[in-house]
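Asker: pasted the sequence and its predicted model underneath.
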Amino acid sequence: MHLAAANERLALKVSLTPGQAGDAPQGRELIGKLKPPRKNCPLAMDCAYEGNQTRRLARRRGFNPVVPPNPRRKRPWKYSKRLYRRRNEVERLIRRLKGFRAVFTRYDKLDVMYMGGVYFALALICVNTP
């Protein structure tokens, strides 16, 4: 499952993917589904999404990609460490989401039933988080 979130309470897009699917292609698909921002909006991403193709797509869509470069890159780029630290808000949302047993264990055989549980859990998180 891939998740794009605004903060620790609000998920913007969720997509369900096979376990063997790579992160970068799925992340690009998710970025393509996001509504373009009104201004240059920071997009804090995990290190799995630091590839040139993913960053280029994010820029074309109107986002400012905030992701640290791989230390072995010949020409690393600068990024805002302050903005990158905010990525933990998404991690906190995922931690809260995994607090729901049905989401964590994935007993549902059908994707539609599982995603129904995920959306229900996200709704509860959005409403109940102070």
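Answerer: Good, I have the coordinates. Numbering: from 1, shown residues only.
Asker: alpha carbons only for contacts and neighbour counts from here, please
Answerer: OK.
Asker: which other helices and strands contact the host helix or strand of M113?
Answerer: When elements are assigned from DSSP states H and E, M113 belongs to helix 111-128. In this structure, helix 111-128 packs against helix 88-98, helix 101-105, with contacts taken as 3 or more CA pairs under 8 Å, 6 or more residues apart in numbering; DSSP states H and E.
Asker: what residues of that helix count as buried?
Answerer: Taking 16 or more other CA atoms under 10 Å as the neighbour-count basis, helix 111-128 is seen to contain the buried residues Y114, M115, G117, V118, Y119, A121, L122, I125.
Asker: and the nearest residue to the first one once chain neighbours are set aside, helix, strand or coil?
Answerer: Of all residues beyond its chain neighbours, the one nearest Y114 is D108 (5.5 Å), with distances taken as CA to CA, 6 or more residues apart in numbering. Assigned with DSSP: H, G, I helix; E, B strand; the rest coil, D108 falls in the coil class.
Asker: how many neighbouring residues does D108 have?
Answerer: Other residues within reach of D108 by the criterion other CA atoms under 10 Å amount to 13.
Asker: quick check: phi and psi at it.
Answerer: D108 adopts backbone torsions of phi -70, psi 130, taken as degrees, to the nearest 10.
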